[in-house]
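Need coordinates for the following:
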Amino acid sequence: MAKTRRIMAENLKLVDVVIELLDARIPLSSRNPEIDTILKNKPRVIALNKSDLSDPARNDEWKEYFAGKGISVVFTNAITGLGIGELKGKLRELTRSKLQSAQTRGRLHRPVKTMVVGIPNVGKSAFINKIAGKASAVTGDRPGVTRAQQWVRVNPEIILMDTPGILWPKFEDKNTGLNLAFTGAIKDEIMDTTELAAKLMEVLADTYPEKIMERYKLDGVTGKTGFSLLEEAGKRRGCLISGGEVDMNRIAVILLDEFRGGKIGKITLELPPKEDQKQ
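Have a look, this model is predicted:
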């Protein structure tokens, strides 16, 4: 983190506004807990990415939560481009006074300089590609920038640093790690897939019971463990091996894939902390 903070501090001096990219399904777990300290008073906008997969009602709650902290939120989808136009408008809005000041000093065509920060596997690369667009062009090194850092022109008004600092969150509790694993931010190869899927089933049984009952034709969820629900779903899907036993790994992979692809429904795994909300 010490090296990351140093690189971030150097990069922040070069930009006007920061785009903080989060997963709309897990806004807290996909957020570096030290980001407020790192960014300090630097203007920023939060892009809640993959918002097409998250619960619309929860989206509204998260927008209100961050608004209470004075941070604008835009809901985005890096695949379809949803929200990208609104985001560009927010960047201009947040830097209007600074650009007007530059104009008074004779810099009539001073572009907005921005960068994207976010943990790995939150969709940063796809997001940067979408906001930059197919016609983007590298504008070359600029004074004070290391040779590895280059700028991509988004449009005549906005340029984007294409090597943003990479941040990885501290796992302050096991739920953060689980949420990142559920959404695929942590590679499945280092997890016990069946155990992970059983835990996800347990979480969904508590938060969205009707969705998993409908998707997997379950008789009910009350009083059942995540493992038993996963086993029942496996039977319903015909994930059987010799002797009629359930192929638990197969149904586990199916559950995780269908959750991540939005086939179970629009789901958000986290609620805004009540103690932080405006009274």
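
Please, where are all the helices along the chain?
Using DSSP state H, the helices of the chain run over residues 2-12, 35-39, 56-67, 84-94, 96-104, 124-132, 174-182, 193-207, 209-216, 226-237, 248-260.

And residue 131, what's its pLDDT?
pLDDT, residue 131: 88.

Once you drop chain neighbours, what's closest to residue 56?
Excluding the flanking residues, the one nearest residue 56 by C-beta to C-beta, 6 or more residues apart in numbering is residue 266, at 6.4 Å. Heads up, the C-betas are built off the backbone N, CA and C, glycines and all.

low pLDDT regions in the stretch 1-150 of the chain?
1, 99, 102-103, 107-108, 134-149 (pLDDT under 70).

same thing but at 50, please
135-147 (pLDDT under 50).

quick one: furthest residue from the center of the chain?
Within the chain, residue 243 marks the point farthest from the mean C-alpha position, 42.4 Å out by C-alpha atoms, centre = their mean.

Next one: that residue relative to residue 227, how far apart?
According to C-beta to C-beta, to the nearest Å, residue 243 and residue 227 sit 19 Å apart.

Just give me the neighbour total for the residue nearest to residue 56.
Neighbourhood size, residue 266 [other C-beta atoms under 10 Å]: 18.

per-residue confidence at it?
We have a pLDDT of 98 for residue 266.

just checking, it touches residue 57?
No: here residue 266 lies out of contact with residue 57, judged by C-beta atoms under 8 Å, at a distance of 9.1 Å.

how about residue 66, what does it touch?
Contacts for residue 66 (C-beta atoms under 8 Å, 6 or more residues apart in numbering) come out as 46, 72-73.

ok, so of those, who is nearest residue 190?
residue 46 (28.5 Å; C-beta to C-beta).

That closest one contacts residue 74, correct?
Yes: contact criterion C-beta under 8 Å: residue 46 and residue 74 qualify, at 7.3 Å.

Looking at the two, which is more packed in?
Set residue 46 next to residue 74 and count neighbours by other C-beta under 10 Å: residue 46 wins out with 26 against 22.

hey, what's the more buried one bridged with?
residue 20, residue 73 (DSSP bridges).

Name the nearest residue to residue 186, sequence neighbours excluded.
residue 180 (4.9 Å).

what about residue 196, how many neighbours?
Applying other C-beta under 10 Å, I find that residue 196 has 19 neighbouring residues.

close enough to count as contact, it and residue 183?
No: using C-beta under 8 Å, residue 196 is not in contact with residue 183; the gap is 11.2 Å.

residues contacting the residue lying closest to residue 133 once chain neighbours are set aside?
Spatial nearest neighbour of residue 133, chain neighbours left out: residue 154 (6.9 Å); criterion: C-beta to C-beta, 6+ apart. By C-beta under 8 Å, 6+ apart, the residues touching residue 154 are 88, 131-133, 136, 160.

and if we set it to 7 Å?
By C-beta atoms under 7 Å, 6 or more residues apart in numbering, the contact set of residue 154 is 131-133, 136, 160.

Just flag the most distant two among the residues you listed.
The span of the contacts of residue 154, defined through C-beta to C-beta, is set by 133 and 160 at 10.4 Å.

if you count what's nearby, which of those two comes out ahead?
residue 160 (24 against 13).

Hmm, the more buried one is touching residue 132, no?
Yes: at 6.1 Å, residue 160 and residue 132 qualify as touching, with contact defined as C-beta atoms under 7 Å.

What residues of stretch 4-21 count as buried?
For stretch 4-21, the neighbour count (16 or more other C-beta atoms under 10 Å) marks 7-8, 11-12, 15-21 as buried.

And stretch 31-46, by the same measure?
31-32, 35, 38-39, 43-46.

how about these in TSV, adding distance to residue 221?
Formatted as TSV, the buried residues of stretch 31-46 follow (distance: C-beta to C-beta, whole Å):
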residue	distance to residue 221
31	30
32	34
35	36
38	41
39	41
43	45
44	40
45	38
46	33
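
which one among those gets closest to residue 25?
For the buried residues of stretch 31-46, the nearest to residue 25 is residue 31 (12.3 Å; C-beta to C-beta).

if I pick the spatially closest residue to the closest one that is not a sequence neighbour, what's in contact with it?
Distances taken as C-beta to C-beta, 6+ apart put residue 22 closest to residue 31, at 5.5 Å, once the chain neighbours are dropped. Neighbouring residues of residue 22 by C-beta under 7 Å, 6+ apart: 30-31, 46, 48-49, 118, 122.
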